[in-house]
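My questions are about this predicted structure, shown below with the sequence.
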Amino acid sequence: MSKPRHERLQRLPARGNRLLIAGRHAPALVAIAGGSPCYIYDRQAITARVAMLRDCLPAALGIHYAIKANPLPAVVAHLARLVDGLDVASLREMQVALGSGVAPEHISFAGPAKQPVELAGAVAAGITVNVESDLELARLVDIARAQGQPARVALRINPDFELKSSGMKMGGGSRPFGIDAERVPALLASLDPQCLDLRGFHIFAGSQNLQAQALIEAHNQTFDLARRLALMAPRPVREVNIGGGLGIPYFPGEPALDLAPVARNLERLLAGRCDALAGAAFIMELGRFLVGEAGYYLCQITDIKESRGREYWLTDGGLHHHLANSGNFGQVIRKNYPVVLADCLQADELRTVEIAGPLCTPLDVVATGVELPRAQVGDYVAVLQSGAYGASASPQGFLSHPQVRELLL
C-alpha cells in the first residue's frame, strides 16, 4: 500500500502511479518535445481554468490575459479565444498579441520606461497605452501628432493603498509604476483631446495574493478611487482595469484562494457603481492564475550520488530554465515548489534527497530535502505549478547550456 504524501499529490492527474500531463506520461512528452528539459502546458487545464472563472466571477467583469506570465505564442493564441482581451508589457508581446487575432481595441500595453519605438508601435496599432508618467504622456502627444491619429490611453494609477499580503506589491507608497493618485486630477485637466483618446484607468495594487479579505479590501478601495477619478475626467470613462492579484499556492501549507467571497464582493461593487462609471467596462487582468497550475517542467536525472550522508539527484535542468523554482526570483527564504518523480508518484519507501542542476553554482537548486521514491538515472523529475514565469523569466544563456523546449498540448 503506497503512502499518501501530500494533498496536492492526491489531486494530480495520474495513471498507474505515473504522472499524466495532457494525457501522456513523461517519456512520451519528452519524445514529442525532442528531448529534455522541457515545459509542457496543458491546453485543457487552461480552458478549464477560464471556464471556472467565468462561472464564478460576475458576468459584467471582463477577463484579460497578461502575456508576461507566459508569452509562448501557442499559449497566447489559445487564451485569445477564451478571454476578452490581452495585456502586454513590450513591443514583442504586442506583436504576439496582434498575431493571435485579438482586435487592437482589446489589447493594452503597460510597464514603466516604455521606449519611443514601443509607444509609436502601440499608437500605430491602435492599442491602449497604460500611461506611467508625465513624460510618457508628452511623448504620446508628439507621436499622435506625427502619425495624424489620436493615441488611445488609460492612466495607470499608483494608488494610495497597498494590496496587503501580496507576493509582489505593485502600488501604494513610492513606486516606479504608474502615476501617483494625488497627481492625477491636475493631469486629467491638462489632457489634449485632439491627441489623446482617454479610455479610463488602470489601478493595480499587487499580485500573487491568497488572502480573500485582502483582495476584497483592495477592490473596495480600487472602486472608490475609480469613482473619484471618474468624476474629474473630462469625458465619460469607458474602461477600468482593476488588475489581478489572484494567487496560486506554491508551497506546503499554502491554501488555495477562496474565490467565492471575492466574486460576491465584486458583484456588489459592480451593481452599486456610480453614474460616472455606469458605462465603463471593468476588466480583471490575470496572468499566473490562468496558466500557472497548467504548466510542468520536466528534467531528467543524469547522475545519483551520495555526499556525506546526503543523496543527490543531478539533472539536466535547473535555474537557467526555471529561475523561480530555484528560489532566485524574489524568495527571501527559499522554499520548494511541488516536485514529483514523474513515473513513480508514491511508494512505501521514501528517501530524503537533494536535487540539483548542471550549473557550476550552488544556486542551481531544483529541490532541497524532499521525500521522494527511489529513483534511477534516466528517470524524470517534474516541477509542478510551472506554467507562469518559467522559461521567459530565466537566464537561459547562463553558462551556455541548451535552451529549454516548450510545448502546449
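All right, it came through fine. Numbers count the residues shown, from 1 in each chain.

how far is stretch 195-215 from where the chain is centred?
Centre-to-centre, stretch 195-215 and its host chain are 14 Å apart (Cα atoms, centre = their mean, to the nearest Å).

before we move on, what about stretch 147-166?
18 Å.

Average pLDDT for it, rounded please.
Averaging pLDDT along stretch 147-166 gives 82.

show me the contacts for residue 236.
Each residue near residue 236 by Cβ atoms under 8 Å, 6 or more residues apart in numbering is listed here: 276, 279-280. The way it works is simple: take the backbone N, C-alpha and C, and place the C-beta from them, glycine included.

got it, and residue 280?
Residue 280 makes contact with 200, 226, 230, 236-240, 273 under the criterion Cβ under 8 Å, 6+ apart.

Out of those, which comes closest to residue 128?
Closest to residue 128 out of these is residue 239 (7.3 Å), distances taken as Cβ to Cβ.

does the closest residue to the closest one other than its chain neighbours have beta-bridge partners, and which?
The shortest distance from residue 239 to any non-neighbouring residue, by Cβ to Cβ, 6 or more residues apart in numbering, is to residue 200 (3.8 Å). Per DSSP bridges, the residues bridged to residue 200 are residue 154, residue 239.

Could you check how far residue 200 is from residue 372?
Residue 200 sits 50 Å away from residue 372, taking Cβ to Cβ, to the nearest Å as the criterion.

Comparing those two, which residue is more hemmed in?
The neighbour comparison of residue 200 against residue 372 (other Cβ atoms under 10 Å) goes to residue 200, with 26 against 23.

quick one: that one from residue 89, how far?
With the distance defined as Cβ to Cβ, residue 200 ends up 19 Å from residue 89.

still on that earlier bit, and the buried ones among the contacts of residue 280, selectable in PyMOL?
Those of the contacts of residue 280 that count as buried under 16 or more other Cβ atoms under 10 Å are selected in PyMOL with:
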select buried, resi 200+226+230+237+238+239+240+273
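
Give me the secondary structure label for residue 396.
Classification of residue 396 by DSSP: H, G, I helix; E, B strand; the rest coil places it in coil.

Using CSV, write down the CA coordinates of stretch 109-128.
Provided in CSV are the C-alpha atoms of stretch 109-128 (Å, rounded to 0.1, in the frame of the first residue of the first chain):
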residue,chain,number,x,y,z
PHE,A,109,0.2,48.0,-23.1
ALA,A,110,1.6,48.6,-19.5
GLY,A,111,5.0,48.9,-18.0
PRO,A,112,7.4,51.6,-16.9
ALA,A,113,10.2,53.0,-19.2
LYS,A,114,8.4,52.3,-22.5
GLN,A,115,10.7,53.3,-25.3
PRO,A,116,9.5,55.8,-28.0
VAL,A,117,9.6,53.0,-30.6
GLU,A,118,7.2,50.9,-28.4
LEU,A,119,4.9,53.9,-28.0
ALA,A,120,4.9,54.6,-31.7
GLY,A,121,4.1,51.0,-32.4
ALA,A,122,1.2,51.0,-30.0
VAL,A,123,-0.3,54.1,-31.4
ALA,A,124,0.0,52.8,-34.9
ALA,A,125,-1.6,49.5,-34.0
GLY,A,126,-4.5,51.3,-32.2
ILE,A,127,-4.0,49.6,-28.8
THR,A,128,-4.5,51.3,-25.4
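
contacts for it?
Here stretch 109-128 makes contact (Cβ under 8 Å, 6+ apart) with 87-91, 94, 97-98, 104-105, 107-108, 129-130, 132-133, 136, 139-140, 143-144, 147, 149, 151-154, 156, 176-177, 199, 202, 204, 239.
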